[in-house]
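*Asks:* Could you work out the structure for the sequence below:
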Amino acid sequence: MNIPRSTWPRALALLPLTRFEQALNWVTQNWHIEPVQLPASGLAMLQVADSAFGDAYNLGEIPLTTMWLEITTPDGQRAEGAAQLMDDDAEKVRWLAICDAVLSTRLEGFDQVKALLDEGLAKFEQEQRLRQALLSKTRVDFALLSASEDDDED
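*Replies:* I've put the predicted structure just below:
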């Protein structure tokens, strides 16, 4: 699989919660899933760098939920998964962490999670095309602006 791991949560987060339940409930019901670190949900400061001088400043607060868990299968396989999402939906972040563990270690259910990932990537690419189309409509050609200023001077 040639999809970067950093892309997995972004693509999977576009899917509704019911898609994870439908695809994975049958396999996860026999797994022992416990947190490695307590799940966290709350507000975080979004820090960005100033484009002119590169100085960091806080843009504002964002909702952030993190989850890091360990899965033990009935046959003794162990896997860890983690996810962070700019959202306060802890159940969705839990499913993203489970998907991370399944994809990274090829646990049972890999094919179902890979299908979910492909579906999420298709939605992500569709959104990107829509954004690019919207941006292209708002592009300003400043050469035309300077030509009209020259006309005003005459």
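
*Asks:* only C-alpha atoms for contact and neighbour calcs from this point on.
*Replies:* Noted.

*Asks:* packing partners for the longest helix that the chain contains?
*Replies:* Longest helix of the chain, by residue count under DSSP state H: helix 110-137. Contact partners of helix 110-137 among helices and strands, from 3 or more Cα pairs under 8 Å, 6 or more residues apart in numbering; DSSP states H and E: helix 8-12, helix 17-28, helix 90-105.

*Asks:* export those to JSON lines and tack on mean pLDDT and mean neighbour count?
*Replies:* Output for the helices and strands packed on helix 110-137, formatted as JSON lines (pLDDT from 0 to 100; neighbours: other Cα atoms under 10 Å):
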{"stretch": "helix 8-12", "mean pLDDT": "92", "mean neighbour count": "21"}
{"stretch": "helix 17-28", "mean pLDDT": "91", "mean neighbour count": "14"}
{"stretch": "helix 90-105", "mean pLDDT": "94", "mean neighbour count": "22"}
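
*Asks:* Adding distance to residue 62, write those out as JSON lines.
*Replies:* Below are the helices and strands packed on helix 110-137 laid out as JSON lines (distance: least, Cα to Cα, whole Å):
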{"stretch": "helix 8-12", "distance to residue 62": "16"}
{"stretch": "helix 17-28", "distance to residue 62": "21"}
{"stretch": "helix 90-105", "distance to residue 62": "15"}
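
*Asks:* Select, out of those helices, the one closest to residue 143.
*Replies:* Residue 143 lies closest to helix 8-12 among those, at 37.7 Å (Cα to Cα).

*Asks:* so what does that closest one touch, helix or strand wise?
*Replies:* strand 78-85, helix 90-105, helix 110-137.

*Asks:* one more time with 6 Å, if that's ok
*Replies:* Helix 8-12 is packed against helix 110-137, with contacts defined by 3 or more Cα pairs under 6 Å, 6 or more residues apart in numbering; DSSP states H and E.

*Asks:* helix or strand for residue 139, which one?
*Replies:* Assigned by DSSP states H and E, residue 139 falls within no helix or strand.

*Asks:* what are the phi and psi values for it?
*Replies:* Per-residue torsions, residue 139: phi -70, psi 140 (degrees, to the nearest 10).

*Asks:* quick one: it from residue 28, how far?
*Replies:* Distance, residue 139 to residue 28, by Cα to Cα, to the nearest Å: 48 Å.

*Asks:* Great, nothing more from me.
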